[in-house]
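J.: Pasting the sequence and the predicted model now:
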Amino acid sequence: KAYPRGSYVVKSAQAFRAHVLDMFEPQDHPNDFAYPGGPPIRPYDSAGYTPAFQMAVKFDRILDAFDGPFAPIPEFELAPPPGRVSNAEGAVGFLLGVETNDAFRAVNRLHAAKEDVLRLQSAATVGGTNYPPGTFYVPRKPTTVSVLEKLAADLGVSFRGTPTAPAGEAVPLRPVRVALWDRFGGSMPSGWTRWLFEQFEFPHTVVFTPELDKGALHDRFDVLVLVDGAYSATEGGKGGDGDPMPKTGGGITKATTVPQIKRFLEAGGTVLAIGTSAKLGQELGVPVANHLIDLEDKDDGKALAPTKFYVPSSVLRVKVDNAHPLAWGLGEHADVMFSNSPTFRLTNNADAVGVKRVAWFDTPTPLRSGWAWGQQHLEGGTAVVDARVGRGRLALYGPQVLFRGQPHGTFKFVFNGIVRAGGAADRPAPK
């Protein structure tokens with residue numbers, strides 16, 4: 001196998017060998033129960049975390065000794081290999097692929113620089129190269145080339161000029177007004193998400209539940225991000241851990257907040273709900289139900305007991321519909337962080353009302369790293385759902401797709417959801 005120039009080599013013949021292996025190899029947590037037939041013993045933290053899996057790093061483990069024209073890397077922080085702006089002469093615009101997460105950071109900087117950005121809604125062929133749906137297109141203005149050259153140098157993204165605008169539909173994008181939920185005293189998932197938005201330069205406003213309860217959300221925001229813990233219904237939604245979240249204050253309430261969120265959606269807003277907050281789907285009338293139910297008690301919809309299904313924080317693999325706008329730029333499969341996460345089944349002719357499954361478990365053995373007792377129950381369950389609610393869109397992410405700012409391989413699920421809201425024709429222009 002040939003490896004191109006610029007590939008990285010991490011040798012394990014070093015003092016930090018154990019750490020290197022921990023970064024690339026799966027963790028194999030034992031089946032740990034209090035007693036035969038008893039409840040599982042919860043691990044202190046994640047049972048599996050393999051960063052290379054979370055970050056969608058492509059690597060090979062080489063067991064035979066080898067050497068080559070390698071140069072040591074002296075700096076701890078690696079700058080991305082510089083990108084380039086090609087075919088600029090005579091170009092009317094430039095195409096930016098969505099293979100890397102930094103493409104979204106580039107788009108945010110383009111908005112800040114007052115450049116125009118559009119997004120292809122269907123595949124296009126330019127100069128013999130095929131560009132998939134989701135590719136960004138930047139029309140040329142007098143300032144454009146210098147802006148793109150700096151982005152290419154700073155972020156390692158590349159732009160290709162085209163002498164004609166791409167054929168097919170391309171939706172103009174506007175900057176998006178993002179609201180990120182937090183609780184008084186601080187939500188850890190919200191804090192990590194805030195840090196992540198700062199790294200990728202998504203402008204956002206932190207909001208607390210009382211502000212959501214006031215309503216009129218669509219006048220101020222286009223996207224509302226509800227992280228794990230923002231909402232947690234006590235009924236259904238996941239198996240293996242039926243305990244509701246502790247009432248620590250500041251969470252979304254069914255009686256007051258949920259109606260305001262529904263009005264926001266009906267007016268054309270976008271809600272991205274992660275982890276326990278994905279249970280909002282049922283509250284908002286989306287035809288989804290808990291996939292992880294005891295088949296012996298299916299009529300009552302009783303969640304599987306921990307003795308039958310238990311998956312503490314571990315890495316699992318899902319099948320992805322990467323033709324769906326929420327999954328543009330992802331591969332056919334993705335490794336997700338799963339922590340007894342909500343897993344759905346679509347009900348009541350969901351497809352007819354615009355409810356789509358974006359990612360799902362297509363195997364009885366999805367475990368990649370960690371511990372997944374009863375993992376066979378996940379097969380056929382849906383991990384990511386996209387739904388229409390009124391004029392708006394609700395995305396439900398059961399797994400922890402932004403887990404502690406680590407899973408670069410699944411950031412696009414959320415980044416696409418944010419950017420898509422900027423292409424909605426029926427929302428007001430930002431003030």
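T.: Ah, there it is.
J.: May I ask which helix or strand of this protein has the lowest mean pLDDT?
T.: strand 124-126 (a mean of 85; mean pLDDT, DSSP states H and E).
J.: List the buried residues for it?
T.: 124, 126 (16 or more other Cβ atoms under 10 Å). From N, CA and C alone the C-beta is placed, and that goes for glycine too.
J.: residue boundaries of the helices in the stretch 251-400 of the chain?
T.: With DSSP state H, counting those that start in this stretch, the ranges of helices along the stretch 251-400 of the chain come out as 257-266, 280-283.
J.: who's in contact with the least confident helix or strand of the chain?
T.: When contacts are taken as Cβ atoms under 8 Å, 6 or more residues apart in numbering, the neighbours of strand 124-126 outside the stretch itself are 95, 130, 131, 135, 160, 162, 164, 166, 167, 168.
J.: quick one on the thing from earlier: most tightly packed of the helices of the stretch 251-400 of the chain?
T.: Each of the helices of the stretch 251-400 of the chain was assessed for mean neighbour count using mean count of other Cβ atoms under 10 Å. The highest is helix 280-283, with a mean of 22.
J.: returning to what we had before: any idea which of the helices of the stretch 251-400 of the chain has the lowest pLDDT on average?
T.: When the helices of the stretch 251-400 of the chain are compared on average pLDDT, helix 280-283 comes out lowest at a mean of 92.
J.: before we move on, the earlier item: which single one of the contacts of strand 124-126 is nearest to residue 226?
T.: Sorting the contacts of strand 124-126 by distance to residue 226 puts residue 135 at the head of the list, at 28.9 Å, by Cβ to Cβ.
J.: wait, what's in contact with the residue nearest to the closest one when sequence neighbours are not counted?
T.: If you skip the residues right next to it in sequence, residue 135 has residue 120 as its closest partner in space, 4.6 Å away by Cβ to Cβ, 6 or more residues apart in numbering. The contact partners of residue 120, by Cβ under 8 Å, 6+ apart, come to 131, 132, 133, 134, 135, 136, 137, 166, 168, 169, 170.
J.: Report the buried members of the residues you listed.
T.: 131, 132, 133, 134, 135, 136, 137, 166, 170.
J.: Sort out for me which of the residues you listed are in strands.
T.: When those are checked against strands (DSSP state E), the matches are 131, 136, 137, 170.
J.: Can you tell me which of those is nearest residue 332?
T.: Of all these, residue 131 has the smallest distance to residue 332: 18.3 Å, by Cβ to Cβ.
J.: hang on, the earlier thing: check the residue nearest to residue 135 and give its pLDDT.
T.: On pLDDT, residue 120 comes in at 95.
J.: what does residue 426 give?
T.: Among the per-residue scores, residue 426 shows a pLDDT of 45.
J.: again, but for residue 168
T.: Here, the pLDDT recorded for residue 168 equals 79.
J.: Quick check: it touching residue 119?
T.: No - counting by Cβ atoms under 8 Å, residue 119 is not a contact partner of residue 168; they are 11.2 Å apart.
J.: What separation is there between residue 361 and residue 312?
T.: Applying Cβ to Cβ, to the nearest Å, one obtains 17 Å for the distance of residue 361 from residue 312.
J.: quick one: the helices in the stretch 1-150 of the chain?
T.: Listed in chain order (using DSSP H, counting those that start in this stretch), the helices of the stretch 1-150 of the chain are 17-24, 51-54, 102-112, 144-155.
J.: okay, those helices in a markdown table with mean pLDDT, mean neighbour count and distance to residue 350 next?
T.: Shown next, in a markdown table, are the helices of the stretch 1-150 of the chain (pLDDT from 0 to 100; neighbours: other Cβ atoms under 10 Å; distance: least, Cβ to Cβ, whole Å):
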| stretch | mean pLDDT | mean neighbour count | distance to residue 350 |
| --- | --- | --- | --- |
| helix 17-24 | 93 | 12 | 39 |
| helix 51-54 | 95 | 20 | 29 |
| helix 102-112 | 98 | 20 | 29 |
| helix 144-155 | 97 | 18 | 38 |
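J.: Residue 183 and residue 250 touch, don't they?
T.: Yes - counting by Cβ under 8 Å, residue 250 is a contact partner of residue 183 at 3.2 Å.
J.: which residues do the two both contact?
T.: When contacts are counted by Cβ under 8 Å, 6+ apart, residue 183 and residue 250 have 208, 209 as shared neighbours.
J.: Report pLDDT for the residue lying closest to residue 365 once chain neighbours are set aside.
T.: Counting by Cβ to Cβ, 6+ apart, the nearest residue to residue 365 once its immediate chain neighbours are dropped is residue 375, at 6.3 Å. At residue 375 the predicted local distance difference test score is 96.
J.: What of the one 5 residues further on?
T.: According to the prediction, residue 380 has pLDDT 96.
J.: how far away is the residue nearest to it when sequence neighbours are not counted from residue 302?
T.: If you skip the residues right next to it in sequence, residue 380 has residue 361 as its closest partner in space, 6.7 Å away by Cβ to Cβ, 6+ apart. Distance from residue 361 to residue 302, counting by Cβ to Cβ: 20 Å.
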